[in-house]
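# for reference, the sequence and a predicted model appear below.
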Amino acid sequence: MTFRDIVPSDADWLVPAHAVHYAREEGFDDTFGALVADILAAFLRERDPDRERAWIAEEDGRPLGSIFCVPLDEHTAKLRLFLLLPEARGRGLGRQMLALCTEWARARGYARMVLWTHESHRAACALYARTGWSLESSKPVHSFGQDLVEQHWSIALR
């Protein structure tokens, strides 16, 4: 497994990978893929390489995951578009990707990092809890055609 910087052509894989995975695993509707496309387009268009980074995890040239670090404000980084396809799970790659992203944010001087997810992403939430993240808030929502419990997590980087 290698981790490389994102390139614009990764959009051809990244958007459908998220959309298909979450439609199959959680019943998310097409609005989720549209959200991913919007996030990715803004990142590619407006990226500040000193403050933002994205990695693609790949094996033998095949992309298997993604993770993004973007600024929320001057002192806070936001983790986005964290995905590890099911066939790549169970090998510690999610933990590696999360560590890579948080260490990069720490090295850039961010004081904390936050993320938004759903309670139904149980493996990811368990990973966050095991690696020092704190659940800050949780509330029921109706998003992507589903009744979900939205969660906000954070971790201190200093």
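That came through, no problem.
# please name the residues that touch the spatially most central residue of the chain.
By Cα atoms, centre = their mean, the chain has its centre lying nearest to residue 82, at 2.2 Å. Contacts for residue 82 were tallied using Cβ atoms under 8 Å, 6 or more residues apart in numbering; they are 65-68, 94, 97-98, 101, 115, 124. Just so you know, the C-beta spots here come from the backbone N, C-alpha and C atoms, and that holds for glycine as well.
# got it, and residue 106?
Counted by Cβ under 8 Å, 6+ apart, residue 106 has contacts 157-158.
# where's it relative to residue 86, distance?
29 Å (Cβ to Cβ, to the nearest Å).
# next: residue 71.
The gap separating residue 71 from residue 86 is 30 Å, by Cβ to Cβ.
# now the residue nearest to the centre of the chain: which helix or strand?
In the assignment (DSSP states H and E), residue 82 maps to strand 76-84.
# repeat for residue 142
With DSSP H and E as the test, residue 142 turns up in strand 134-143.
# from residue 54, how far off is residue 83?
Taking Cβ to Cβ as the measure, residue 83 falls 11 Å from residue 54.
# mind listing the shared neighbours of these two?
Joint contacts of residue 83 and residue 54 (Cβ under 8 Å, 6+ apart) are 66-67.
# now stretch 44-62: average pLDDT?
The average pLDDT within stretch 44-62 is 96.
# neighbouring contacts of it?
By Cβ under 8 Å, 6+ apart, stretch 44-62 touches 1-6, 8, 10-11, 14, 43, 63-71, 81, 84, 88, 93, 97, 100-101, 104, 108.
# just checking, which of the residues you listed belong to strands?
Of those, the ones assigned to strands by DSSP state E are 2-5, 63-71, 81, 84.
# ok, these vs residue 141, which is closest?
Ranked by distance to residue 141 (Cβ to Cβ), the ones in strands among the contacts of stretch 44-62 are led by residue 81 at 19.1 Å.
# for residue 8, see how far away the residue lying farthest from the centre of the chain is.
Most distant residue from the mean C-alpha position of the chain: residue 60, 22.0 Å away (Cα atoms, centre = their mean). Using Cβ to Cβ, residue 60 is found at 22 Å from residue 8.
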